[in-house]
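In: My questions are about this predicted structure, shown below with the sequence.
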Amino acid sequence: MALGELQRAMRDIIRQPNAAVASGDPEIARYLRRVVDSGRLEVLTHVIRSWREFDLARACPLTTAALRARGLWQAALDSSGVESAGSAFVERLADRFLEIESENRDSLVATVARFEAAYLAVRRGSNERFVVSWDREPTTVLGQLAAGDPLGEAGGADGSDGYLTIVARELPGYVEVIPQATATTR
């Protein structure tokens, strides 16, 4: 039995517990079937999923709150991109999660994810200047999400021309909010 092949096969069944057990080595294939049939794999995958959920909620609190407020949190956790992110490093998992959610069909979730990704990058030392467009007033939305309050009126577009958040190291608190009507006259 080759240790490397066994480790890769174990990784694969942990990542995809419902996939067919496959190995060119009959001894490894028998062992993997015993693991799958033992019930312990289900416990292990539940623990991994719970830690992933905990880590993402801690690392990306605003996006997590937006997803929960929109009833999309469980679907986000079940997405193939999050399931296959596979990094033990929370920062990498969070970056991948925010990248995925920045493309969410829900425009509020996507905007919050783009903002949070920019904010985290700047907090980690990026010298880049990020601009995120909003279709609603961002400080109200972000305040409600941070406080765990329902989104209320801020959950929908406010009818304005929109807002920009500038995220950069040189700004106080790293963030500046500009109404788009003002931004076009600058």
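Out: Noted; the coordinates are in hand.
In: Show me what secondary structure element comes after the host helix or strand of Thr139.
Out: Using DSSP states H and E, Thr139 maps to helix 138-147. For helix 138-147, the following helix or strand on the C-terminal side (DSSP H and E) is strand 163-167.
In: next structured bit after that following strand?
Out: On the C-terminal side of strand 163-167, the nearest following helix or strand under DSSP H and E is strand 175-179.
In: Need the residues that contact that next one.
Out: For strand 175-179, the surrounding residues in contact (C-beta atoms under 8 Å, 6 or more residues apart in numbering) are 119, 137-139, 160-168, 186. Backbone N, C-alpha and C define where each C-beta goes, glycine included.
In: and what of stretch 123-138?
Out: Contact with stretch 123-138 is made by 91, 107-108, 111, 114-115, 118, 121-122, 141, 154, 156-158, 160, 162-169, 174, 177, 180, as judged by C-beta under 8 Å, 6+ apart.
In: Give me the buried subset of those residues.
Out: For the contacts of stretch 123-138, a burial check counting by 16 or more other C-beta atoms under 10 Å picks out 108, 111, 114-115, 118, 121-122, 141, 154, 162-168, 174.
In: any idea how far stretch 133-148 is from the chain center?
Out: Centroid separation for stretch 133-148 versus its chain: 18 Å, with C-alpha atoms, centre = their mean, to the nearest Å.
In: buried sites along stretch 24-42?
Out: Within stretch 24-42, the residues that qualify as buried are 28, 31-32, 35-36, 41, counting by 16+ other C-beta under 10 Å.
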